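Engineer: Structure, please.
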Amino acid sequence: MQAAAAGAEEGAVFVAEEQLGGRGRGGHAWHSERGVGIYVSAVLRPRLEPTETLWLSLIAGLAVHEAVKLVSGIAADLRWPNDIILGGKKVGGILTELSTEQDKVRHVVVGVGLNVNHAEFPAELRELATSLRIESGRKWARMELLAALLKSLNGEYAALQADTDGSFRRSVVRRFEERSSYAKLAEVQVDDAGMGESASFSGVTAGLDARGFLLVQTPAGMRTVINGGVRKVGRAI
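Structural biologist: All right, here's what the predicted structure looks like:
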């Protein structure tokens, strides 16, 4: 974020071998063991309004999904808006931070954490987190995964920037729904929904709307999740 504010050009990429203060969405800590994961951030300067930056989280999730599938053959699950799930546990996460000026986005930093070759996790995370190594039983080449991830993210971002008629955004919605067991017909609990709504509610997911927000059918009617944590009922995450 400091480099972006200082004028780092769009597409600048920062890769860490280890994070001493890894962060996830909502201020949660991210376990960043040295030399076994992918911890990468990219500077973007999108032609988007601040209310549209959810698209960046969605395309980053699709990029991670594609890279993991291409390199390992493993089809990960996507949890709206920014988590990568394997075996019911979190294997990756996306953090999108932005700087705005009035109704204009100055810059965005999209950060991705992906658990690749972790053999184990601290006791407090073992029921919540996993890695590609744990799920597949083998190690994976991090540089190959990183290259595939950045190539996919570059293609997704270029298409988003060139989307003048909304067709690419519609494809993002469709592809996210196809790759996510959370997006449709999942019984979920939503916490910290924001936008003045009650702090917690449950219902059944009904896909994404045209803006990329999650729809949840509740006994009181359809609700739109603008900024909430979503987990399947009966699951720890």
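Engineer: What distance do you get for residue 180 to residue 52?
Structural biologist: 20 Å (Cβ to Cβ, to the nearest Å). Every C-beta, even on glycine, is put in place using the N, C-alpha and C of the backbone.
Engineer: Can you pick out the residue with more neighbours from the two?
Structural biologist: Legend: neighbour count by other Cβ atoms under 10 Å for residue 180 and residue 52, higher for residue 180 (24 against 15).
Engineer: what's near enough to touch the nearest residue to that one once chain neighbours are set aside?
Structural biologist: In space, and not counting its chain neighbours, residue 180 is closest to residue 78: 4.1 Å by Cβ to Cβ, 6 or more residues apart in numbering. Each residue near residue 78 by Cβ atoms under 8 Å, 6 or more residues apart in numbering is listed here: 61, 62, 65, 84, 85, 176, 179, 180, 182, 183.
Engineer: try 7 Å this time
Structural biologist: Residue 78 sits next to 61, 65, 84, 176, 179, 180 when contact means Cβ atoms under 7 Å, 6 or more residues apart in numbering.
Engineer: can you tell me which of the residues you listed lies nearest to residue 73?
Structural biologist: residue 65 (12.5 Å; Cβ to Cβ).
Engineer: Before we go further, residue 55 is sitting in a strand, right?
Structural biologist: No - for residue 55, which was evaluated using DSSP: H, G, I helix; E, B strand; the rest coil, the result is helix, with no strand membership.
Engineer: Hmm, residue 212 and it touching each other?
Structural biologist: Yes - under the criterion of Cβ atoms under 7 Å, residue 55 makes contact with residue 212 at 5.8 Å.
Engineer: and this protein, what are its domains?
Structural biologist: The chain breaks down into these domains under automatic domain parsing: 2-179, 184-232.
Engineer: Report the helix or strand with the lowest average pLDDT across this structure.
Structural biologist: When the helices and strands of the chain are scored by mean pLDDT, DSSP states H and E, strand 229-232 comes last with a mean of 93.
Engineer: What pairs with that strand, parallel or antiparallel?
Structural biologist: Its sheet considered, strand 229-232 pairs with strand 184-191 (antiparallel) by DSSP bridges.
Engineer: Touching the least confident helix or strand of the chain from outside, list them.
Structural biologist: Residues contacting strand 229-232 (Cβ under 7 Å, 6+ apart): 26, 79-80, 182, 186-192, 214, 237.
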